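Engineer: Sequence plus predicted model, see below.
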Amino acid sequence: MIRDVVLLGVEDALSETVGKAVLASVRMSASQTFGFKGNTYLRKKISDLNKTAKVLPVFLITDLDSPTGCASELIRDWLSDPPEPGLIFRVAVVEIESWIMAHRKALARFLAVSQDRVPRNPDQLRNAKEKLLTIASVSRRRDVRDDLLPARGSTAKVGPAYNSRLGEFVRTEWNPQSAAASSPSLKRALSALETFRDG
Amino acid sequence: MMVNRLMVKNWRNFPRIDVPMKERQFLVGPNASGKSNLLDVFRFLRDIATTEGGGLQKAVKDRGGVSKLRCLAARRDPEIVIETHLSQSAEAEPEWRYSIGIKQEARGKRQTYLTHERVWQGEHQILDRPDADDKLDRDRLTQTYLEQINANQKFRDIAQFFQSVTYLHLVPQLLRFADSFQGTLENDPFGQGFLERIAKTTGRTQSSRLSKIEEALKIAVPQLQQLKFIRDDVTGRPHLQALYSHWRPQAGWQREDQFSDGTLRLIGLLWSLLEADSLLLLEEPELSLNAGIVAELAPLIHRMQRMRHRQVLVSTHSDALLTEAGIDGREVLVFSAAREGTEVKLASDFDEVRVLLANGFTVGEAVLPRTKPESAGRLGAIQ
């Protein structure tokens, strides 16, 4: 089995960008991506993905979404069969935004806020997305606020260009190795990938 | 008859294509990867084979000359080649093979001429040009035998097959305002003369097709109850009328100029599927349609094919259309842009796709992410 090229399963486009950056940082890559329909969809497909992983390594990223939950329980809860060795199932604690925020210095610069505003332990937040929005709300740049924050009274949880602006950050500024210093769940993901890659 | 294999060299943005084809074939790829250019191979053959006002010279000229048709990557080898295999079914041995090569004179009148024209019936080659006559009179090579009734006698079946290729990319606005435009384009690709086509179909054929379409519309379009074809008493022009259940019972009849884009496109699509048994080229049939309806298009095409045996090539960007469990990986052509032009492969030729399909994923899930441009995410971040 080729060990440095994987199928990347994600909840949405932002996680895809993060997943690709994470893979690149350990000299791996995605031959193909899959998902983009949220968490319930990946969950529905998990046993098919596990079967796929017998032949083709699968790197699956999902959000824990609950601060009290436990990542390994989530995996057992999703998957009735034992996971194949080719299934690299990583849970972002608590959300993909935690991993993004973990590169504090770069994010502060990108959002034009003071670095003190970015939390030191993003894995321990109750709601990482909300926290990121709170940080963005004090941005010195109007276009950042405008893209990331929902308009007053909006039924959307995030602003009109939230995913694409954060995606731009991940592509251009975000460094998974630096972020891993503040996010234990990202650090574990990186080492799981390296272990798999080196067989 | 159907096309069960297509081979192309230096056609537009394809340096080379060699793919088998099924009765139902979906074309997927990023924007401008050449899905329409592949469909145009068959329109080109149709234009050549059209005896009245067609022919090789016109087909090339209508497309802006050989230099526009030739693949940009074709620097050393400027010849365009198209070969098709025709058979009764996808699995059968080809009954016919037709191949042409085209070049432009390097100097002088810069005329378009044939480098070859070959026909095989089964294993037996029945035409091989340039022949002795062509060598004596080079002007003969500016015309194919395919376009000449006197010359295509032995392979008239091929000529007729290409002549009846239909292309549909119905543009509702053109149909709705057909009266405001003078004339229609040749072969009416955008459905401007669609109503005339219905009008020309006579009696029972017309009413049986319309009643099938009515049945489908009743499912797809809420409140639509009845579909009728009429001629305007005053102008004599053909029209479609639909009755909608309405709070004012007498106000329900509407003419096609009031139909929605989706309704018009669905009518056009269904009519074309019922119309003939020749090759049908459909350009993005999902446009303007509700995702729930789009999800039914693939099985709908299949069922209609059982009646008419009409081969259908469908270009699409739609996840909903391809997320149908019954689509075979061999029914999907994937277009991927490479440095030297576009590559076309069967979805089932990709190892990853085959593994995913074998493990319960649909073609939409396994293939469409491949066609997304690497940098698509940046579009939303443009300032």
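Structural biologist: Looks like it arrived, so ask away.
Engineer: Give me the buried stretch members for the lowest-mean-pLDDT helix or strand in chain A, please.
Structural biologist: None of the helices or strands of chain A scores lower by mean pLDDT, DSSP states H and E than helix A:71-78, at a mean of 86. Neighbour-count burial for helix A:71-78 flags A:71, A:74-75, A:78 (criterion: 16 or more other CB atoms under 10 Å in any protein chain shown). Just so you know, the C-beta spots here come from the backbone N, C-alpha and C atoms, and that holds for glycine as well.
Engineer: Now flag whichever of these is closest to chain B.
Structural biologist: A:Trp78 (15.8 Å; CB to the nearest CB).
Engineer: So which residues on chain A come close to chain B?
Structural biologist: Residues of chain A lying close to chain B by CB under 8 Å from any CB of the partner chain are A:7, A:13, A:16-17, A:31-34, A:36, A:45, A:48-49, A:51-52, A:55-56, A:143, A:161, A:163-165, A:167-168, A:171.
Engineer: List the ones among those that fall in helices.
Structural biologist: Those of those mapping onto helices are A:13, A:16-17, A:45, A:48-49, A:51-52, A:143, A:163-165, A:167-168, A:171, per DSSP state H.
Engineer: picking that back up, just give me the closest of the buried residues of helix A:71-78 to B:Leu72.
Structural biologist: B:Leu72 has its nearest neighbour among the buried residues of helix A:71-78 in A:Trp78, at 48.9 Å by CB to CB.
Engineer: ok so, going back, any chance of the buried residues of helix A:71-78 in a markdown table, with distance to B:Val344 too?
Structural biologist: Compiled in a markdown table, those are given as follows (distance: CB to CB, whole Å):
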| residue | distance to B:Val344 |
| --- | --- |
| A:Ala71 | 43 |
| A:Leu74 | 41 |
| A:Ile75 | 40 |
| A:Trp78 | 38 |
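Engineer: Determine which two of those are furthest apart.
Structural biologist: Within these, A:Ala71 and A:Trp78 form the most distant pair, 10.9 Å apart (CB to CB).
Engineer: Provide a list of residues in contact with residue 32.
Structural biologist: Using chain A here. By CB atoms under 8 Å, 6 or more residues apart in numbering or on different chains, the contact list for A:Gln32 reads A:7-8, B:352-353, B:366, B:369-370.
Engineer: Chain B, not that one
Structural biologist: Contacts for B:Ala32 (CB under 8 Å, 6+ apart) come out as B:Ala337.
Engineer: cutoff 10 Å now
Structural biologist: Going by CB atoms under 10 Å, 6 or more residues apart in numbering or on different chains, B:Ala32 touches B:13, B:335, B:337, B:342.
Engineer: Verify the stated contact: the second one with B:Leu39.
Structural biologist: No - taking CB atoms under 10 Å as the definition, B:Phe335 is not a contact partner of B:Leu39, at 11.6 Å.
Engineer: When the two are compared, which one has more neighbours?
Structural biologist: B:Phe335 (24 against 20; other CB atoms under 10 Å in any protein chain shown).
Engineer: In a strand, the more buried one, correct?
Structural biologist: Yes - checked against DSSP: H, G, I helix; E, B strand; the rest coil, B:Phe335 lies within a strand.
Engineer: partners of it in the sheet?
Structural biologist: Beta-bridge partners recorded for B:Phe335 (DSSP bridges): B:Val344.
Engineer: Please list all residues in contact with it.
Structural biologist: B:Phe335 touches B:13-14, B:17, B:27-30, B:32-35, B:37-38, B:315, B:342-345, B:370-371, counting by CB under 10 Å, 6+ apart.
Engineer: In the stretch 51-200 of chain B, what residue lies closest to chain A?
Structural biologist: Counting by CB to the nearest CB, the stretch 51-200 of chain B gets nearest chain A through B:Ala73, at 25.2 Å.
Engineer: So which residue is dead centre in chain B?
Structural biologist: Nearest to the geometric centre of chain B sits B:Leu281, at 1.7 Å (CA atoms, centre = their mean).
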